[in-house]
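Visitor: How does the following fold in three dimensions:
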Amino acid sequence: MRKCVFSFSLLLLLFLSSLLSLAQVVSIEKSELNTKLFNSYSKGNVYLKNGSVQEAELNYETEDNSIVFKNHGQVLTLTNVGDVDTVVIAGRKFVPVDKKFYEVLSNGGIDLLASYINKRKPVVASPDHDGTKRSAGSAANNNVAPAYVSRPFQSNSVVDIFNQFWLKRGNSLYKANNEKQLLKVYPMKHNDAIKQYISDNKIDFDKQEDLVKLVAYCNTQLK
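Guide: All right, here's what the predicted structure looks like:
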């Protein structure tokens, strides 16, 4: 029995050593979860290009579009991004491009990706019937990722998390946050057809599900 326990502990140590070789320690702050994409760390998998798979408690850091994980009370960020093929967190797939991670929203001839950034804004006092209450200093726009809005940050500000859409063609990324940006990625001869589809289907470039439909149409119909 002791031999089995020892063997398991040895395997766990080897796994952690392998993952830590791809990471560096970042300082822990009281508010460290507030700039993460997910509300808490989730079990996920890091798939390496050499075929190995490593499991850890993962999250996405919107400060620098990195993948982070916890180990013995420390927060670490994955480095050596070139060795990473794919990261899966809570069933969502992220891939590295130019040392940053992007979520894969759809695959096709041209892939639809998303990155996430954050903006801090001050909390200002506004009068209430019972005295004074705190409220956000400004309203977020429609491009805010759902469920990740106005998280408390320290004691005098909030953090809004925004998504940005991208099209990946080959090894290059192109912004896709509006019609003009998207049309630049596809051949000009298809522009009229794309514009018609956008109009007929009332495509909203702030909605992920609309972008997924639009890119699927472009990839299947405009070959």
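
Visitor: Quick check: Leu211 vs Asn45, distance?
Guide: 26 Å (C-beta to C-beta, to the nearest Å). Yep, even glycine has a C-beta here, placed from its N, CA and C like the rest.

Visitor: More neighbours: which of the two?
Guide: Leu211 (23 against 13; other C-beta atoms under 10 Å).

Visitor: ok but the more buried one is inside a strand, no?
Guide: No: assessed with DSSP: H, G, I helix; E, B strand; the rest coil, Leu211 is helix; it does not lie in a strand.

Visitor: need the contact list for the residue lying closest to Asp204 once chain neighbours are set aside.
Guide: Once flanking residues are discounted, Asp204 sits nearest to Asp210: 4.9 Å by C-beta to C-beta, 6 or more residues apart in numbering. Contacts here follow C-beta atoms under 8 Å, 6 or more residues apart in numbering; on that basis Asp210 touches Asn201, Ile203, Asp204.

Visitor: Could you confirm the second one falls within a strand?
Guide: This points to Ile203. No: Ile203: not assigned to a strand; according to three-state DSSP it is coil.

Visitor: right, and it touches Tyr197 too?
Guide: Yes: counting by C-beta atoms under 8 Å, Ile203 does reach Tyr197; the two are 7.4 Å apart.

Visitor: Which among the contacts of Asp210 count as buried?
Guide: Buried members of the contacts of Asp210, counted by 16 or more other C-beta atoms under 10 Å: Ile203.

Visitor: Would you format the contacts of Asp210 as CSV with distance to Asn219 included?
Guide: Formatted as CSV, those follow (distance: C-beta to C-beta, whole Å):
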residue, distance to Asn219
Asn201, 15
Ile203, 15
Asp204, 19
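
Visitor: and which of the contacts of Asp210 is nearest to Gly91?
Guide: Asp204 (24.5 Å; C-beta to C-beta).

Visitor: Distance check, the closest one against Tyr217.
Guide: 15 Å.

Visitor: What number of residues are in the vicinity of the residue nearest to Phe69 when sequence neighbours are not counted?
Guide: Excluding its sequence neighbours, the residue lying closest to Phe69 (C-beta to C-beta, 6+ apart) is Ala56, at 4.3 Å. Residues near Ala56, counting by other C-beta under 10 Å, number 24.

Visitor: in the strand or helix carrying Ala56, what counts as buried?
Guide: If you go by DSSP states H and E, Ala56 is part of strand 53-61. The neighbour-count check on strand 53-61 (16+ other C-beta under 10 Å) flags Gln54, Ala56, Leu58, Asn59, Tyr60, Glu61 as buried.

Visitor: pLDDT score for the second one?
Guide: What the model reports as pLDDT for Ala56 is 92.

Visitor: With the fourth one instead?
Guide: Confidence at Asn59, expressed as pLDDT, is 95.

Visitor: With Val25 instead?
Guide: Taking Val25 on its own, its pLDDT is 40.

Visitor: so Ala193 sits in a helix?
Guide: Yes: according to three-state DSSP, Ala193 belongs to a helix.

Visitor: how many neighbours does it have?
Guide: 14.

Visitor: can you give me the strands for the protein?
Guide: Secondary structure of the chain (DSSP state E): strands at 23-26, 42-48, 53-61, 66-71, 74-78, 84-89, 92-97, 100-106, 111-128, 131-136, 151-153, 157-169, 172-175.

Visitor: can you tell me how far the closest residue to Lys213 other than its chain neighbours sits from Lys195?
Guide: Closest residue to Lys213 apart from its sequence neighbours, by C-beta to C-beta, 6+ apart: Asn201 at 6.8 Å. Remark: distance between Asn201 and Lys195 (C-beta to C-beta) = 11 Å.
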